[in-house]
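K.L.:
I would like the atomic coordinates for the input below:
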Amino acid sequence: MRSITSVSIFDQNIVRTSPAGSCVLRIVEALAGYIPLHLYANRTYAPESKLVRKTKIPLPPGPVVVRSVLFTLFSSFAYWLTGRRPSISISTEGTFPFCDLCYEHFCHRVFLHEHRDSIGGGALRRTARILNHTSAAFTERIAFRSAADHSGATGFASWVFRTMCGHIYWPRMRSYSLPQYEVFPLVCLQAAAAGLPLLVTQLYGVEEFMRDGETDWVIERTTESIATPIVQAASDRPRLRRMGAAARKQVEKI
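P.N.:
The predicted model follows:
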């Protein structure tokens, strides 16, 4: 396992008013004093630091589908122009399709499959929104496959914080993470049934049927608590497989 010496992060808006961007901003704030970061964003409220480098990706005011497509193209071009590759690249959904680690805040593919008919607005607005989700569904699929196929610095196939589309990509994943609050999240049972070890915080019910250290890691919501199992998983792939098999057996008892 190689050490992480730098991180590139891709998100159109790393700001507190963005649902996904606010989560990315917290990651940036936590890492800013410890490791060199290179942020690719149209807007960012990231803290000023000698370790934080920002590349502004210029975008037109709209429409949203044009902004999304151009951000993917321009940020990818800017990334390749730097000539210096980070230890790990992190992308929100498919904004940078060739990432090592993908934060899936919202699954466009599932949204189109299950909620296309609920998209409102006039004909032009509805068409633009469908095109935006279609484009994002295409790039997020590439991003997840890239994360799954890339060994990366962490050893994780991909890192999923939301429940909406993890099941689509489970066959290509080596672990499942859900460090958020949700009343007895069935997605954890489904991931375990797929043979994936879990990395979860103190959720309502998960810790009652899984065994910490054997089928999963039950952690506190702190940087140190999250870092420890990541290092363990990165350095011991056979353990991931053993824990995944144990998780599947545990679910079969329910």
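K.L.:
and the gap between His115 and Ala123?
P.N.:
Distance of His115 to Ala123, given as Cβ to Cβ, to the nearest Å: 18 Å. All C-beta atoms are positioned from the backbone trio N, CA, C, and that covers glycine.
K.L.:
now swap in Glu207 and tell me
P.N.:
49 Å.
K.L.:
Between those two, point out the one with more neighbours.
P.N.:
Neighbours were counted for Glu207 and for Ala123 using other Cβ atoms under 10 Å; Glu207 has more, 14 against 7.
K.L.:
for the closest residue to the more buried one other than its chain neighbours, helix, strand, or coil?
P.N.:
In space, and not counting its chain neighbours, Glu207 is closest to Val218: 4.8 Å by Cβ to Cβ, 6 or more residues apart in numbering. Three-state call for Val218 (DSSP: H, G, I helix; E, B strand; the rest coil): strand.
K.L.:
got a list of what Val218 touches?
P.N.:
By Cβ atoms under 8 Å, 6 or more residues apart in numbering, Val218 lies in contact with 200-202, 206-207, 210, 212.
K.L.:
which of those are buried?
P.N.:
Using 16 or more other Cβ atoms under 10 Å as the burial test, the contacts of Val218 include 200-201, 206, 210 as buried.
K.L.:
May I ask which two of those are separated the most?
P.N.:
Thr201 and Met210 (12.5 Å; Cβ to Cβ).
K.L.:
end to end, how far does stretch 109-122 reach?
P.N.:
End-to-end distance for stretch 109-122: 22 Å, by Cα to Cα, to the nearest Å.
K.L.:
Stretch 31-41 too?
P.N.:
Chord length of stretch 31-41, first to last residue, is 17 Å (Cα to Cα).
K.L.:
Stretch 228-246 now?
P.N.:
20 Å.
K.L.:
distance between it and the chain's centre?
P.N.:
Taking Cα atoms, centre = their mean, to the nearest Å, one finds stretch 228-246 lying 19 Å from the centre of the chain it belongs to.
K.L.:
For the remainder of this discussion, apply numbering that starts at 35.
P.N.:
Noted, 35 is the first residue going forward, which turns the last one into stretch 262-280.
K.L.:
Tell me if Val234 really is in a strand.
P.N.:
Yes. The assignment for Val234 by three-state DSSP puts it in a strand.
K.L.:
Tell me the bridge partners for it.
P.N.:
Listed beta-bridge partners, Val234: Leu212, Val252 (assigned using DSSP bridges).
K.L.:
lowest-pLDDT helix or strand in the protein?
P.N.:
Taking mean pLDDT, DSSP states H and E as the measure, helix 200-203 is the helix or strand of the chain with the lowest mean score, a mean of 45.
K.L.:
As JSON lines, the buried ones among the contacts of Val252 with pLDDT would be great.
P.N.:
Converted to JSON lines, the buried ones among the contacts of Val252 look like this (pLDDT from 0 to 100):
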{"residue": "Val234", "pLDDT": "78"}
{"residue": "Thr235", "pLDDT": "75"}
{"residue": "Val240", "pLDDT": "72"}
{"residue": "Met244", "pLDDT": "76"}
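K.L.:
can you tell me which of those lies nearest to Leu59?
P.N.:
For the buried ones among the contacts of Val252, the nearest to Leu59 is Thr235 (19.7 Å; Cβ to Cβ).
K.L.:
The closest one and Ser259, how far apart?
P.N.:
Applying Cβ to Cβ to Thr235 and Ser259 gives a distance of 8 Å.
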